[in-house]
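Student: no sequence for this one, just the structure:
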Ligand code: NDP
Ligand code: 2IT
């Protein structure tokens, strides 16, 4: 990653902010990466308002979380052994609404990852046009191989502390990697028990029997494909008839695959952290759902049902899936999955578009390389915003004490995604960026956040 002195910046104020940021957060590479991508791409807006922003220390305030909570999570496994994990909630920016963002349970979780995700969430949530601020949380707990009882005990211990800091008008967590419907259920139960109140809107991604929204499970993946279709359409390309590969096989990947297939796309491959499966007839998504959502198994088990498919184990730095040629690349697993070397392979294989289902799946070097080589790039904070947008729809339904049908929620999701793409496109055109939707998304979101922050004074 380039440090700020190696970047070709025109704004002295921006350079000073980035230099200070690097000094203060030297041991947080993912956070620095996320902030640099945003601040450097909004430079045209900064230049137009340089004196005003500087006087208000707007950027310095934007990059400093309003609050970071870090806590001990002790729990007892099925053998009676005690474990201690670290829990986090980063309440990054509440200018637009209650903090909103998912919880990630994965052994890689640390403060840098929490802060990068919280920072991205501010911009993503602004693009949804819903009244939600940005936050993120999670733990370095590894759910893999844990029994249902252990998962429940961990969630209960995690909520014992988290409940002090959240509320339907304060901070509303949801799922992310390692946190799905099962975990949200245990978290909600413990919140309700401790607080003795039925505050349905305190968490989203709930089950349908206790305040969840239809189509929330599908929303991130479906939304990604609605955005992709709009982006291709704006560039005179039809989505139908294209081929795709999807990294990951979790919540986002599964429903991106389902919607892609409904749109006439042939999905050739999917993956997990161990390796990828290739099915020349197109992935059978029901088989993946059974392996991942029901059995919580590994993707290579696909071969037990479809013996003609091929499985390739990951070795080395480049995930096996990205060596497969396809028109549309959908990284839906984790951050920094696609580095420059991988991006070069993707471009040489003739890909036309990359849609970021995951948060920050491409390194900044990979993003620049795609744009330079005219690969259309749908940035995560816009393209995967359908999940949190539908979480906001879940909050609305909870407040009204009613629920919409699947079709109603799906229609609202579709129109939100079309609106998000249009915001990216308008900013891209206004600043003459040449189909750079990464910069377009950052500029559109920043303008809204800056306006709300400035209106609320120096806080
Ligand atoms: P899940 O836990 O359902 O699935 C995660 C998938 O990514 C699994 O296939 C997992 O494989 C793979 N994966 C996770 N970590 C790694 C890693 N370090 N290396 C390789 N593969 C990995 O999570 P989601 O589908 O919910 O989330 C996927 C991405 O989408 C994340 O970046 C998340 O932040 C983002 N996102 C999620 C939203 C949501 O609503 N859920 C909304 C917007 C963005 P394995 O099982 O082998 O670990
Ligand atoms: O990254 C994300 O946007 C999410 N994990 C979903 C957050 C939410 O509050 O639904």
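Tutor: Now that the structure is in, tell me what you want to look at. The model shown is predicted, which means the values in this text are computed figures rather than measured ones. Ligands and ions are numbered 1, 2, ... in the order given.

Student: Give me the buried stretch members for the helix or strand hosting residue 155, please.
Tutor: Element membership for residue 155, per DSSP states H and E: helix 148-162. By neighbour count on 16 or more other Cβ atoms under 10 Å, the buried set for helix 148-162 is 150-160, 162. Bear in mind the C-beta positions are built from the backbone N, C-alpha and C, glycine included.

Student: pLDDT averaged over the helix or strand hosting residue 125, what's the number?
Tutor: Taking DSSP H and E as the definition, residue 125 sits inside helix 111-127. The average of the pLDDT scores along helix 111-127 is 98.

Student: Briefly note if it comes near ligand 1.
Tutor: No. Helix 111-127 lies out of reach of ligand 1 by Cβ under 6 Å from any ligand atom, never closer than 6.5 Å.

Student: Need the residues that contact the helix holding residue 155.
Tutor: Residues outside helix 148-162 that contact it (Cβ atoms under 8 Å, 6 or more residues apart in numbering) are 71-78, 85, 87, 89, 105, 137, 139, 141, 143, 146, 173, 182-183, 186-187, 189-191, 194.

Student: Close to ligand 2: what parts of this protein are there?
Tutor: Residues of the chain lying near ligand 2 (Cβ under 6 Å from any ligand atom): 100-102, 124, 174, 176, 204, 359, 387-388, 391.

Student: Got a quick PyMOL command for the buried subset of the contacts of helix 148-162?
Tutor: Typed into PyMOL, the line below selects the buried ones among these, using 16+ other Cβ under 10 Å:
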select buried, resi 71+73+75+85+87+89+105+137+139+141+143+146+173+182+183+186+187+190+191
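
Student: could you redo the buried residues of helix 148-162 as a markdown table and give each row pLDDT?
Tutor: Putting those into a markdown table (pLDDT from 0 to 100) gives the following:
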| residue | pLDDT |
| --- | --- |
| 150 | 98 |
| 151 | 98 |
| 152 | 98 |
| 153 | 98 |
| 154 | 99 |
| 155 | 99 |
| 156 | 99 |
| 157 | 99 |
| 158 | 99 |
| 159 | 99 |
| 160 | 98 |
| 162 | 98 |
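
Student: just checking, what's the longest strand in this protein?
Tutor: Of all the segments assigned as strand in the chain under DSSP state E, the longest by residue count is strand 82-93.

Student: quick one: strands adjacent to it?
Tutor: strand 67-76 (antiparallel), strand 133-139 (antiparallel) (DSSP bridges).

Student: okay, the angle between the last one and helix 148-162?
Tutor: With axes from the mean of the first three to the mean of the last three Cα atoms, to 10 degrees as the criterion, the two stretches strand 133-139 and helix 148-162 enclose an angle of 130 degrees.

Student: Please determine whether strand 133-139 lies in contact with ligand 1.
Tutor: No. For strand 133-139 and ligand 1, the contact criterion (Cβ under 6 Å from any ligand atom) is not met; the two come no nearer than 8.8 Å.

Student: List the buried residues of that strand.
Tutor: 133-139.

Student: In JSON lines, list those residues along with distance to residue 249.
Tutor: Shown next, in JSON lines, are the buried residues of strand 133-139 (distance: Cβ to Cβ, whole Å):
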{"residue": "133", "distance to residue 249": "31"}
{"residue": "134", "distance to residue 249": "27"}
{"residue": "135", "distance to residue 249": "27"}
{"residue": "136", "distance to residue 249": "23"}
{"residue": "137", "distance to residue 249": "24"}
{"residue": "138", "distance to residue 249": "20"}
{"residue": "139", "distance to residue 249": "22"}
